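*Asks:* what's the 3D shape of this:
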Amino acid sequence: MKIAVIGATGTIGKAVAGLLSNRRHDVISVSRSTRPGVNIDDPASIDAFYSALDEVDALVCAAGSAAFGHLSDLTDEQVRLGIDSKLMGQVNLVRKGMAALRPGGVFVLTGGMLAYSPWPGTAAVALVNAGLEGFVRAAALDLEQGRRIVVVHPPLVAETAAAMGMDPAPWPAASAVAEAYLIALEGKLTGKPVFVAGYGPT
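*Replies:* Have a look, this model is predicted:
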């Protein structure tokens, strides 16, 4: 498969791109600085990205920002960050990219387990993650010619936990998280969430 991985310099995106390359897929690693590159926060950048991209069999997005903060302290800008970046950025990738996805191809988006198991201070993030799942459920009904769409809900990744000064032991490594993306790509699901093994909803 020819697969574009957006956010390929991030912790999860890099692991996904590496795993797919090892499985002998043709991987196009995409970030803001690559050619073609994309800033998913900017609809014009998404348009330019697709103008420069050949048709692909799959598009994986592991990019997008959202803000943490106690509900009473969240600013308008913090709430808008997740909506404009992680939510609408991925919605626009799908909306604007349908012509670039070959028949039978798949969009794989990234939500997060906070949609199911929120922590204090994660309301703005959980909003975006849950919104992505709702979008995927409905968007699947509009896709044609065998095209699919799924959302992966990863938990906190061990490498990220360590970088935040947290104990990484309870969390999967990025390489284990990448396996969920492989399942999403090579499986048959559409309009559904995909979870990292051992870290799904209870």
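*Asks:* in stretch 123-134, what counts as buried?
*Replies:* A123, A124, V125, A126, L127, V128, N129, A130, G131, L132, E133 (16 or more other Cβ atoms under 10 Å). Backbone N, C-alpha and C define where each C-beta goes, glycine included.
*Asks:* Tell me the gap between the host helix or strand of G82 and the middle of its chain.
*Replies:* For G82, the element it lies in under DSSP states H and E is helix 76-82. On the basis of Cα atoms, centre = their mean, to the nearest Å, helix 76-82 sits 18 Å off its chain's mean C-alpha point.
*Asks:* what comes into contact with that helix?
*Replies:* G64, S65, A66, A67, G69, A124, V125, L127, V128 (Cβ atoms under 8 Å, 6 or more residues apart in numbering).
*Asks:* and T9, how many neighbours does it have?
*Replies:* 16 (other Cβ atoms under 10 Å).
*Asks:* I misspoke; the intended subject was A162.
*Replies:* So A162, with other Cβ under 10 Å, has 13 neighbours.
*Asks:* now M113
*Replies:* 20.
*Asks:* Going forward, the N-terminal residue is numbered 40.
*Replies:* With 40 as the first residue, the last one maps to M152.
*Asks:* which element is the residue nearest to it when sequence neighbours are not counted on?
*Replies:* Spatial nearest neighbour of M152, excluding adjacent residues (Cβ to Cβ, 6 or more residues apart in numbering): P194 at 4.5 Å. Assigned by DSSP H and E, P194 falls within no helix or strand.
*Asks:* and after the single longest helix found in the chain, which helix or strand comes next?
*Replies:* Of all segments of type helix in the chain, defined using DSSP state H, the longest is helix 162-178. Counting by DSSP H and E, the element after helix 162-178 in chain order, helix or strand, is strand 187-192.
*Asks:* Partner strands of that next one, with direction?
*Replies:* For strand 187-192, the paired strands and their directions (DSSP bridges) read strand 140-149 (parallel), strand 231-234 (parallel).
*Asks:* now what about it, what contacts it?
*Replies:* With contact meaning Cβ under 8 Å, 6+ apart, strand 187-192 is reached by 133, 144-152, 154-155, 168, 171-172, 175, 178-179, 182, 219-220, 223, 227-235, 239.
*Asks:* quick check: mean pLDDT across it?
*Replies:* Averaged across strand 187-192, the pLDDT comes to 98.
*Asks:* try stretch 231-241
*Replies:* Mean predicted confidence for stretch 231-241 is 94.
*Asks:* so how far does that stretch reach from one end to the other?
*Replies:* From its first residue to its last, stretch 231-241 covers 17 Å (Cα to Cα, to the nearest Å).
*Asks:* What distance do you get for the spatially closest residue to G143 that is not a sequence neighbour to V145?
*Replies:* Closest residue in space to G143, ignoring its immediate chain neighbours: G185 at 4.2 Å, by Cβ to Cβ, 6+ apart. Using Cβ to Cβ, to the nearest Å, G185 is found at 9 Å from V145.
*Asks:* what's the neighbour count on A43?
*Replies:* 27.
*Asks:* Quick check: it is in a strand.
*Replies:* Yes - counting by DSSP: H, G, I helix; E, B strand; the rest coil, A43 is part of a strand.
*Asks:* Since that was my last question, I'll sign off now.
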